[in-house]
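Novice: Provided below for reference: sequence and predicted model.
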Amino acid sequence: MLATLAKIIPLDLAATLSPGIFAVAIILLGNKFHPKIKVLSFLFGTLIVGIAIALAGFFLGQATPTDSKSNLATAIVDLALAIIFIILAIKVVYSKERHLKTQEDSGYQIIKWLILGFIISATNFDALFLSFTAAKEVGGTGDIGSLAKMILLVVNLFFFSLPITLPLFLYLVFPNLAVKILEKINLFVLKYSRYILAGLFLIFGFLLLWRGINYFLSTSQTSAMTSKTTTSETSTQTFNSSFVLPIGNYKTGQTKKVFGQYITPQNSPVQPEKFTGYHTGVDIEQAQDNADVPVYSIADGVIKYTNYVSGYGGVIIIEFSYQDQAYTALYGHIRLSSASISEGDKVSKGQQLAVLGTSYSSETNGERKHLHFAIHKGNSIDYRGYVQNQSELSDWIDPNTIIN
């Protein structure tokens, strides 16, 4: 959740730079007749637009996930958004801010100000696009729960309506100072907002442009790796009947990093990424952050190692044999406090070893909640999750050639 929050906060902050809406809120609060009622009506109209645009972005994000394995649809959406961001950056610099005037009236006129709030917000394209993109990031993040996504959407809506709620808050808490404070804020926003927005639009545009282009750059490399892996699987004896799944969703959870995939901070399906190299195992992703997910011994064997390892957090390694060949199976990102075994203990096929660690904690070394599962040839311990040379992968085997 924190990683996604870090992505959307810059977008949401940029969406608050709406001088027109801010100015209307200030003018209404200076009205002699029912200022609070009018501002609340204006706010409600804005919230209708904010909710609609947030839901639209959220559902598009779910259709084109940003943190799943890269796909053509996601890349095309990223490129389209990048172009729009760059166009908006140019538009903002050369456009003039609208100057809105309101008239004094003695009635409440709730519907009037609600409609005005709706219209002004619906035509405030800069803020709309920023809020939409932030909501898309939330919807496209698969490794956080529904409650966390709902909280992030509320944060998104809060920033979208901040040009109205901030003046209203200051008016209610500091009625005497509010006018002076708000006038200074409004002057600053009017003077510098277009340049700040243009800079932010360019930054977001080029980041999305790189993310989209990077898909096409990495497609040929990934295709070659997939072809090689498929050939290897065809020629390798599969002895899955002698093993059980290391985790319940082993078959469906491999949506990001697979065996032998070359990972860099630029092409990784997990962002941000800090590792580079050929992946020595498979990652089994988990959709629910708050559930205890057990991991199991894939075969009869002996606990070879159980401790914390940099890059993983908790690690359990079992040694087992098949057809007189020794292997070690590594389980990474484990909550060691849940383990009921110790080094040297014998374990049976299917026996529960522990549960996965909590997302972004020391149990996972700050990583998302998932199982890194790798099988190494021989009885020596090798923790490496990545190797720098493709030839070194021969010391491991693709777990999917054993477990199906």
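Specialist: Perfect, I can see it now. Predicted model only: the values in this text are computed from it and were never measured.

Novice: any idea how far stretch 147-156 is from the chain center?
Specialist: 12 Å (Cα atoms, centre = their mean, to the nearest Å).

Novice: what comes up buried for that stretch?
Specialist: Applying a neighbour-count criterion of 16 or more other Cβ atoms under 10 Å, one finds 148-149, 152-153, 155-156 buried in stretch 147-156. Every residue, glycine included, has its C-beta placed from N, CA and C.

Novice: just the residues you listed: which are in helices?
Specialist: Under the assignment DSSP state H, the buried residues of stretch 147-156 contribute 148-149, 152-153, 155-156 to helices.

Novice: quick one: residue 126 and residue 119, what's the gap?
Specialist: Applying Cβ to Cβ, to the nearest Å, the value for residue 126 to residue 119 is 16 Å.

Novice: neighbour-wise, which of those two wins?
Specialist: residue 126 (22 against 12; other Cβ atoms under 10 Å).

Novice: any idea how this protein splits into domains?
Specialist: By the assignment in automatic domain parsing, the chain contains the domains 2-216, 237-401.

Novice: may I see the ones you listed arranged in a markdown table, with mean pLDDT as well?
Specialist: Listed next are the domains of the chain as a markdown table, based on pLDDT from 0 to 100:
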| stretch | mean pLDDT |
| --- | --- |
| domain 2-216 | 76 |
| domain 237-401 | 91 |
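
Novice: could you pull out the strands for the stretch 151-300 of the chain?
Specialist: 262-263, 277-279, 282-285, 294-296 (DSSP state E, counting those that start in this stretch).

Novice: and which of the buried residues of stretch 147-156 is nearest residue 309?
Specialist: Of all the buried residues of stretch 147-156, residue 309 sits closest to residue 148, with 27.4 Å by Cβ to Cβ.

Novice: what's the spacing between the closest one and residue 373?
Specialist: For residue 148 relative to residue 373 (Cβ to Cβ), the value is 25 Å.

Novice: same thing with residue 171?
Specialist: For residue 171 relative to residue 373 (Cβ to Cβ), the value is 57 Å.

Novice: and residue 252, by the same measure?
Specialist: Noted for residue 252: a distance of 14 Å to residue 373, by Cβ to Cβ.

Novice: what does residue 307 give?
Specialist: As judged by Cβ to Cβ, residue 307 and residue 373 stand 17 Å apart.

Novice: more neighbours: these two, which one.
Specialist: Legend: neighbour count by other Cβ under 10 Å for residue 307 and residue 373, higher for residue 373 (24 against 12).

Novice: hang on, the more buried one packs against residue 334?
Specialist: No: if you go by Cβ atoms under 8 Å, residue 373 and residue 334 don't touch, sitting 10.8 Å apart.

Novice: give the contact list for residue 265.
Specialist: Counting by Cβ atoms under 8 Å, 6 or more residues apart in numbering, residue 265 touches 272-276.

Novice: mind picking the two most distant members of these?
Specialist: Spanning the widest gap among the contacts of residue 265 are 272 and 276, at 12.8 Å by Cβ to Cβ.

Novice: more neighbours: which of the two?
Specialist: Legend: neighbour count by other Cβ under 10 Å for residue 272 and residue 276, higher for residue 276 (14 against 9).

Novice: show me what the helix or strand hosting residue 47 is packed up against.
Specialist: Applying DSSP states H and E as the criterion places residue 47 in helix 35-63. If contacts are counted by 3 or more Cβ pairs under 8 Å, 6 or more residues apart in numbering; DSSP states H and E, helix 35-63 sits against helix 19-29, helix 110-122, helix 125-139, helix 146-160, helix 162-173.

Novice: how many neighbours does residue 208 have?
Specialist: Residues near residue 208, counting by other Cβ under 10 Å, number 22.

Novice: likewise residue 11?
Specialist: Residue 11: 21 neighbours (other Cβ under 10 Å).

Novice: is it true that it touches residue 132?
Specialist: No: Residue 11 is not in contact with residue 132 according to Cβ under 8 Å; the separation is 9.1 Å.

Novice: now for the two: what residues contact both?
Specialist: With Cβ under 8 Å, 6+ apart as the test, residue 11 and residue 132 reach no residue in common.

Novice: any figure for the gap between residue 378 and residue 298?
Specialist: Separation of residue 378 from residue 298 (Cβ to Cβ): 17 Å.

Novice: the two - which one has more neighbours?
Specialist: More crowded of residue 378 and residue 298, by other Cβ under 10 Å: residue 298, with 28 against 12.

Novice: so who does the more buried one touch?
Specialist: Applying Cβ under 8 Å, 6+ apart, we find residue 298 in contact with 243-246, 318, 320, 329, 349, 402-403.

Novice: tell me the most packed of those, by neighbour count.
Specialist: Of all the contacts of residue 298, residue 318 has the most neighbours under the rule other Cβ under 10 Å, reaching 26 neighbours.

Novice: my read is that residue is in a strand, agree?
Specialist: Yes: assessed with DSSP: H, G, I helix; E, B strand; the rest coil, residue 318 lies in a strand.

Novice: ok, how many other residues are close to the closest residue in space to it that isn't next to it in sequence?
Specialist: The shortest distance from residue 318 to any non-neighbouring residue, by Cβ to Cβ, 6 or more residues apart in numbering, is to residue 301 (4.4 Å). Neighbour count for residue 301, taken as other Cβ under 10 Å: 22.

Novice: distance of residue 173 from residue 167?
Specialist: Noted for residue 173: a distance of 11 Å to residue 167, by Cβ to Cβ.

Novice: who's more crowded, the two?
Specialist: The residue with more neighbours, out of residue 173 and residue 167, is residue 167; 27 against 9, by other Cβ under 10 Å.
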